[in-house]
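Visitor: For reference, the sequence and a predicted model appear below.
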Amino acid sequence: MAVVVIQHSPSTGAQRLGAVLRDYGHRLRVISLHEHHDLPADLDDVDGVVTTGGPQSALDDHEWIEAERGFLREADAAALPVVGICLGSQILATALGGVVGPVAGGIELGWHDVTLTPVGAEDPVHAGIAWTSAQFHWHRQQVTTQPPGARVLACSQRCPIQAWASGLRTYGFQYHPEIDRSTVQTWAREDPRDLEDAGVTLEQLQTQTDEHYPAFERLSRRLFESIALLLIPADRQNRGLVKDLHH
């Protein structure tokens, strides 16, 4: 059994989230859609799914996007834990009946505050998370309408749905809690036009990163630990393995 990690480009992936999942005993099966890897044919050996970011649009008319939607829809219907980050969150939302559209005013890039909603503050994945924290953003599109029955967990000044959840085990995050310091530099080198469009210089971005990263790293680790526990199958939890992981 494994957690399926769906990647959409060489420079996006589970990164620090993946490392925490491994720390908690999860085996990861990485599916690189940009390298034309096939999604699993069924869910027989799947503990959960993490779908990550990427430079593509969730609204692109690509066969692989529709295939990913179908896979995510199936995993959600089977009550498996499903976590989407940025592009992954958008594809997941559209798979479940939500709507994706452009960010008003253009690209949101850099470090900006994200605030939990009252519902989000009570959600188990946000245990120990500050009501407002600086998070890293790099997106031109967003979930504009959450899937039917889903609840909004966090928002920002420019993005009313920064995090959302459906049921007990499906979560979407528009921001990027998974990044490390090197990610910022890598994306800036790959997409300098995005910095220009956002009106941010590389030096300003690095200054922001130096200021916010220490607290961000600590809080995102707490988030990842909550997600890691969410992904542990019920039978393993019943055998007391969750307790053992804390000692």
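Guide: Done, it's in.
Visitor: For the rest of this, base every contact and every neighbour count on C-alpha atoms.
Guide: Fine.
Visitor: Figure out the helix or strand that Ala215 lives in.
Guide: Using DSSP states H and E, Ala215 sits within helix 202-230.
Visitor: So which elements touch that helix?
Guide: Applying 3 or more Cα pairs under 8 Å, 6 or more residues apart in numbering; DSSP states H and E, one finds that helix 202-230 contacts helix 15-23, strand 108-116, strand 132-139, helix 181-190.
Visitor: center of the protein - which residue?
Guide: Ile85 (1.9 Å; Cα atoms, centre = their mean).
Visitor: To Val200, which of the helices and strands packed on helix 202-230 lies closest?
Guide: Among those, strand 108-116 comes nearest to Val200, with 7.9 Å by Cα to Cα.
Visitor: pLDDT averaged over the closest one - what is it?
Guide: For strand 108-116, the mean per-residue pLDDT is 97.
Visitor: Make residue 1 into 97 and carry on from there
Guide: With 97 as the first residue, the last one maps to strand 204-212.
Visitor: Quick one: distance of it to the chain centre.
Guide: Distance of strand 204-212 from its chain centroid, counting by Cα atoms, centre = their mean, to the nearest Å, is 14 Å.
Visitor: what angle separates it from helix 298-326?
Guide: Interaxial angle of strand 204-212 relative to helix 298-326 (axes from the mean of the first three to the mean of the last three Cα atoms, to 10 degrees): 40 degrees.
Visitor: Direction included, what does strand 204-212 pair against?
Guide: In the sheet, strand 204-212 lines up against strand 228-235 (antiparallel), strand 247-251 (antiparallel) (DSSP bridges).
Visitor: what residues does the helix or strand just after it touch?
Guide: Using DSSP H and E, the helix or strand that follows strand 204-212 in sequence is helix 214-218. Contact partners of helix 214-218, identified using Cα atoms under 8 Å, 6 or more residues apart in numbering, comprise His222, Ala223, Ile225, Trp227, Arg247, Val248, Leu249, Ala250.
Visitor: For ChimeraX, what selects the buried ones among those residues?
Guide: Listed next is the ChimeraX selection for buried residues among the contacts of helix 214-218, using 16 or more other Cα atoms under 10 Å:
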select :222,225,247,248,249,250
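Visitor: Tell me the one among the contacts of helix 214-218 nearest to Gln270.
Guide: Ala250 (9.5 Å).
Visitor: Give me the distance between the closest one and Ser185.
Guide: 13 Å (Cα to Cα, to the nearest Å).
Visitor: now the chain, which segments are flagged as low pLDDT?
Guide: Flagging of the chain using pLDDT under 70 yields the residue ranges 329-343.
Visitor: Swap in 50 and give it another go.
Guide: 334-343 (pLDDT under 50).
Visitor: tell me the angle of the helix holding Ala311 relative to helix 111-119?
Guide: 30 degrees.
Visitor: What number of residues are in the vicinity of Gly150?
Guide: By other Cα atoms under 10 Å, the residues close to Gly150 number 21.
Visitor: wait, it sits on Ile181?
Guide: No - using Cα atoms under 8 Å, Gly150 is not in contact with Ile181; the gap is 9.3 Å.
Visitor: Please save the CA atoms from the helix or strand hosting Ile161 in CSV.
Guide: Per DSSP H and E, Ile161 falls inside helix 159-173. These are the backbone C-alpha positions of helix 159-173, laid out as CSV (Å, rounded to 0.1, in the frame of the first residue of the first chain):
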residue,chain,number,x,y,z
GLU,A,159,-6.5,14.3,-21.8
TRP,A,160,-4.3,13.7,-18.8
ILE,A,161,-6.2,16.4,-16.8
GLU,A,162,-9.5,14.6,-17.3
ALA,A,163,-7.9,11.3,-16.4
GLU,A,164,-6.6,12.8,-13.2
ARG,A,165,-10.0,14.3,-12.4
GLY,A,166,-11.5,10.8,-12.8
PHE,A,167,-8.9,9.3,-10.5
LEU,A,168,-9.3,11.9,-7.8
ARG,A,169,-13.1,11.6,-8.0
GLU,A,170,-12.8,7.9,-7.6
ALA,A,171,-10.5,8.2,-4.6
ASP,A,172,-12.8,10.7,-2.9
ALA,A,173,-15.8,8.5,-3.5
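Visitor: Fine, thanks again, bye for now.
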